[in-house]
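> The sequence isn't on hand, but the structure is:
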């Protein structure tokens, strides 16, 4: 099964219609174990190295399946946009740090 951007978009769209709440314990090292039914529902059981994206939202955590996409499969224009955005954010960060240092 090929895993790519289209597969991930379809999984996310499908998941938006099937919410469930699960309580998980957190180990002393911060590890979570997703129950098998949840791993199946997210499609993580079919991957050799499953990954999830974790976002902090409104004081909680949001997890969604992630897919590794080879750089060669990403359009050059997309990579150029990412680099330009990162450089702009870094320039803003540096200028803000310099202003705070002067105070």
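Structure received. Note that this is a predicted model, so its numbers are computed, not measured.

> switch to C-alpha atoms for all contacts and neighbour counts from now on
OK.

> Let me see the contact set for residue 97.
For residue 97, no contacting residues are found, by Cα atoms under 8 Å, 6 or more residues apart in numbering.

> what mean pLDDT does the helix or strand containing it have?
Using DSSP states H and E, residue 97 maps to helix 76-102. Taken as a whole, helix 76-102 has a mean pLDDT of 87.

> all strands for this structure, in order.
For the chain, the strands defined by DSSP state E occupy 51-57, 60-66.

> Next, the angle strand 51-57 makes with the last one.
In this case it means strand 60-66. Relative orientation of strand 60-66 versus strand 51-57 (axes from the mean of the first three to the mean of the last three Cα atoms, to 10 degrees): 150 degrees.

> in its sheet, what does strand 60-66 sit against?
Counting by DSSP bridges, the strands paired with strand 60-66 are strand 51-57 (antiparallel).

> residues making contact with the partner strand?
With contacts defined as Cα under 8 Å, 6+ apart, strand 51-57 is touched by 44, 61-67.

> Redo those as JSON lines? Include neighbour count and distance to residue 73.
Shown next, in JSON lines, are the contacts of strand 51-57 (neighbours: other Cα atoms under 10 Å; distance: Cα to Cα, whole Å):
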{"residue": "44", "neighbour count": "18", "distance to residue 73": "22"}
{"residue": "61", "neighbour count": "10", "distance to residue 73": "29"}
{"residue": "62", "neighbour count": "12", "distance to residue 73": "27"}
{"residue": "63", "neighbour count": "12", "distance to residue 73": "24"}
{"residue": "64", "neighbour count": "15", "distance to residue 73": "21"}
{"residue": "65", "neighbour count": "17", "distance to residue 73": "19"}
{"residue": "66", "neighbour count": "18", "distance to residue 73": "16"}
{"residue": "67", "neighbour count": "17", "distance to residue 73": "12"}
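
> low pLDDT regions in the chain?
Applying pLDDT under 70 to the chain flags the ranges 1-5, 7-20, 100-103.

> switch to 50 and redo it
For the chain, the stretches flagged by pLDDT under 50 are 1.

> still on that earlier bit, closest one of the contacts of strand 51-57 to residue 36?
Using Cα to Cα, residue 44 is the member of these that lies nearest residue 36, at 9.3 Å.
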